[in-house]
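[1] Make a model of this:
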Amino acid sequence: MSNPSAAETAAAIKRIWWVPVVRGVFLLILGGIMLANPLWSVTALVWIFGIFAVIDGIVAIAEWFSNRREAGAGWWLLAGVVSLVIGLVAVFWTEKTATFIFWLIAIWILLVGILQIIGAVARYRARDAAWMWLLASGLVSFLIGLLLITHPQTSVKVVVVILGLFAFVAGVLLVVGGFAAKNAANQVSAQGKIIEA
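    Sure, this is the predicted structure:
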């Protein structure tokens with residue numbers, strides 16, 4: 001007979017594997033746009049960042065809602081709320097946000113990284129196969145956020161390029177991680193069926 005906890009974990013991953021893929025695709029699009037045209041105005045940067053943060057927050061909250069009974073799911077909710085609040089601040093107070101857009105982006109990236117690392121630890125303890133990719137994404141976010149905070153930039157072009165690189169790398173990690181988690185869940189399910197047979 002198969003291990004019930006492994007079977008439940010596999011079933012949970014199958015339900016939500018697409019969520020990090022969706023977040024990753026949004027990040028890849030954002031990163032591609034920013035790297036292709038880094039000469040935007042500060043106002044345009046604030047709007048793009050704000051809209052992205054809102055979408056990312058909604059997707060993270062959807063992931064929490066789909067997986068709220070699993071270990072570490074609360075960190076998705078917290079990460080989603082943080083992204084949503086920062087995105088709404090950027091969208092509704094664009095003129096004021098433009099004066100401190102660099103710090104807003106740096107703090108957001110740093111917080112997302114910290115929350116992803118904590119979420120990865122919780123998923124590791126729950127034996128969730130996706131913990132490695134979440135940890136990798138969290139470390140990338142944390143290091144880039146730390147780099148931005150310790151080396152402040154005043155050039156809009158530099159900020160856009162850094163944000164674009166972050167979005168692109170994080171997007172790749174999330175997309176690969178989502179598909180890797182799906183593959184691992186399928187393998188666990190297949191092993192369970194073989195054992196039952």
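[2] contacting residues for the residue most central in space within the chain?
    By Cα atoms, centre = their mean, the chain has its centre lying nearest to Arg23, at 6.2 Å. The contact partners of Arg23, taken as Cβ atoms under 8 Å, 6 or more residues apart in numbering, are Asp56, Val59, Ala60, Gly171, Leu174. The way it works is simple: take the backbone N, C-alpha and C, and place the C-beta from them, glycine included.
[3] Over to Leu139?
    Gly113, Ile117.
[4] what helix or strand does it sit in?
    Following DSSP states H and E, one finds Leu139 within helix 131-150.
[5] Now distance to Tyr124 too, for the contacts of Arg23, in TSV please.
    Output for the contacts of Arg23, formatted as TSV (distance: Cβ to Cβ, whole Å):
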residue	distance to Tyr124
Asp56	23
Val59	22
Ala60	19
Gly171	22
Leu174	17
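[6] Would you point out the most distant pair within these?
    Ala60 and Gly171 (14.3 Å; Cβ to Cβ).
[7] Neighbour count: the two, which is higher?
    Ranked by neighbour count (other Cβ atoms under 10 Å), Ala60 and Gly171 place Ala60 first, with 27 against 23.
[8] ok, now how distant is the more buried one from Ile149?
    Ala60 sits 22 Å away from Ile149, going by Cβ to Cβ, to the nearest Å.
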